[in-house]
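*Asks:* Quick check, what structure comes out for this input:
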Amino acid sequence: MSVEFNSSLGQLDVDYLNPKAADENLKMRPYGDEPSGCGRMCRRRPFKTAAVFLGLLCLLLLAGIISLQVHYTKVGDVHDSEMRDIQTKYNNLTDKQNKLQNNYSNLKQDRNLLETKYINLTRERHQLQISYDTLTKLRDDSQTSLTSLRKQRDDLRNEKIQLAAEKEELQRRFELVTSSRDGIQEELNSLSLNMTEKPCQQGWTKFNGSCYYISTSSKTWIKSKKDCEDRGANLVIIDNRKEIDFITRFNDRTWIGLSDTVREGKWTWVDGTDLQVGAGFWQRGEPNDADDGEDCVELSRSGKGWNDVPCSNKFSWVCEE
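*Replies:* Residues are numbered from 1 along each chain as shown. From the prediction side, this is the model:
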């Protein structure tokens, strides 16, 4: 600080910025060396001015301190508010961190569970793959066996067809041989009969070892039976299909020696023997005893079999001796 006295104004010039220079000015002036025309008042004025200056300086310092105090108070309040906000944010972040940590732990547990399930599923898949491979092999083996069985079945079918064809051929040959044998046997029997048996009466026809009288007129069954008895024979008794074929060569409808006149439904030959149930060479649907009066049997060429008719009908007849 520098202090100088201005003689023209009667004031001290104080250099606040250079106090060392002011001290040197004071030292350079000897005590009692005062400006002219100032007197005692000039000696007091510097002290008052310094006192005023110091008071102002104190006021300025006080104002600065108060300003700083207010400023730092506001700064502190702002700082506290910011710290509270930071603390709140920190607490929120801490909560979020804890939640995230919990979520992470849960996810980790879930991951472990999923890994365990994945391992189990992998094992199950492996077992299923093994089972699938086994079943596939079994299926392939079964398919191979099925193919082989189908081939064997087809071979057996072919063999069966061939055997059936061979059987039919053998059956045909057998029937031909049997037919030839039967023909030869009949011829042999006929020759034997012709050689051993007596010849038939005049007007009679010999067939298969028997003599037959073929009528040329028509009579009732009773009269036909009586005519044969008068000739020493019976109405024809038919034993086989060949006899039917022989008789039907002469007349279309012919009386034979079969009736149920003694007992209805019980067919009896004129020699007293009974016809077995279900036996005979009946036409389809016969005997039917139509109108409850068909008790005698005729042989029809057109019908190729027997038919029961009323005994009063008139047909040709055949006697067998």
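
*Asks:* hang on, Lys206 in a helix?
*Replies:* No: applying DSSP: H, G, I helix; E, B strand; the rest coil, one finds Lys206 to be strand, outside a helix.

*Asks:* what packs against the helix ranked longest in the chain?
*Replies:* Assignment by DSSP state H gives helix 40-196 as the longest helix of the chain. Applying 3 or more Cβ pairs under 8 Å, 6 or more residues apart in numbering; DSSP states H and E, one finds that helix 40-196 makes contact with strand 11-15. For every residue, glycine as well, the C-beta is placed using N, CA and C.

*Asks:* Just the CA trace of stretch 179-188, in PDB.
*Replies:* Taking Å, rounded to 0.1, in the frame of the first residue of the first chain, the C-alpha atoms of stretch 179-188 are listed here in PDB:
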ATOM      1  CA  SER A 179     -65.900-146.400 -68.400                       C
ATOM      2  CA  SER A 180     -63.900-148.700 -70.700                       C
ATOM      3  CA  ARG A 181     -63.700-151.200 -67.900                       C
ATOM      4  CA  ASP A 182     -67.400-151.100 -67.200                       C
ATOM      5  CA  GLY A 183     -68.200-151.400 -70.900                       C
ATOM      6  CA  ILE A 184     -65.900-154.400 -71.200                       C
ATOM      7  CA  GLN A 185     -67.400-155.800 -68.100                       C
ATOM      8  CA  GLU A 186     -70.900-155.400 -69.400                       C
ATOM      9  CA  GLU A 187     -70.000-156.900 -72.700                       C
ATOM     10  CA  LEU A 188     -68.400-159.800 -70.800                       C
END
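
*Asks:* Quick check: can you list the domain ranges of this structure?
*Replies:* 2-76, 203-320 (automatic domain parsing).

*Asks:* now the end-to-end length of the last one.
*Replies:* Distances were taken as Cα to Cα, to the nearest Å; on that basis the terminal residues of domain 203-320 are 13 Å apart.

*Asks:* Per-residue pLDDT of Arg263, please?
*Replies:* Per-residue pLDDT puts Arg263 at 91.

*Asks:* Just give me the neighbour total for it.
*Replies:* By other Cβ atoms under 10 Å, 9 other residues sit near Arg263.

*Asks:* same thing with Ser224?
*Replies:* 26.

*Asks:* So it sits against Leu235, correct?
*Replies:* Yes: counting by Cβ atoms under 8 Å, Ser224 does reach Leu235; the two are 6.2 Å apart.

*Asks:* any shared contact partners between those two?
*Replies:* Listed as contacting both Ser224 and Leu235 by Cβ atoms under 8 Å, 6 or more residues apart in numbering are Trp255, Trp317.

*Asks:* close enough to count as contact, Arg231 and Tyr213?
*Replies:* Yes: look at Arg231 against Tyr213 with Cβ under 8 Å: they come within range, at 6.1 Å.

*Asks:* of the two, who's got more company?
*Replies:* Higher neighbour count among Arg231 and Tyr213: Tyr213, with 19 against 14, using other Cβ under 10 Å.

*Asks:* Report pLDDT for the closest residue in space to the more buried one that isn't next to it in sequence.
*Replies:* Closest residue to Tyr213 apart from its sequence neighbours, by Cβ to Cβ, 6 or more residues apart in numbering: Cys319 at 4.0 Å. At Cys319, the pLDDT value in this model is 98.

*Asks:* Val288: neighbour count?
*Replies:* If you look again at residue 288, you'll see it is Asn, not Val. There are 11 residues near Asn288, going by other Cβ under 10 Å.

*Asks:* do the one 3 residues further on as well
*Replies:* Other residues within reach of Asp291 by the criterion other Cβ under 10 Å amount to 7.

*Asks:* same check, this time on Glu168
*Replies:* For Glu168, the neighbour count with other Cβ under 10 Å is 10.

*Asks:* Any stretches of the stretch 51-200 of the chain with poor pLDDT?
*Replies:* Within the stretch 51-200 of the chain, the set of residues satisfying pLDDT under 70 comprises 189-197.

*Asks:* what lines up beside the longest strand along the chain in the sheet?
*Replies:* Ranked by residue count under DSSP state E, the longest strand found in the chain is strand 253-259. Applying DSSP bridges, strand 253-259 is found paired with strand 268-269 (antiparallel), strand 296-300 (antiparallel), strand 316-320 (parallel).

*Asks:* Please identify which of those is closest to Gly203.
*Replies:* Among the strands paired with strand 253-259, the nearest to Gly203 by Cβ to Cβ is strand 316-320 (10.7 Å).
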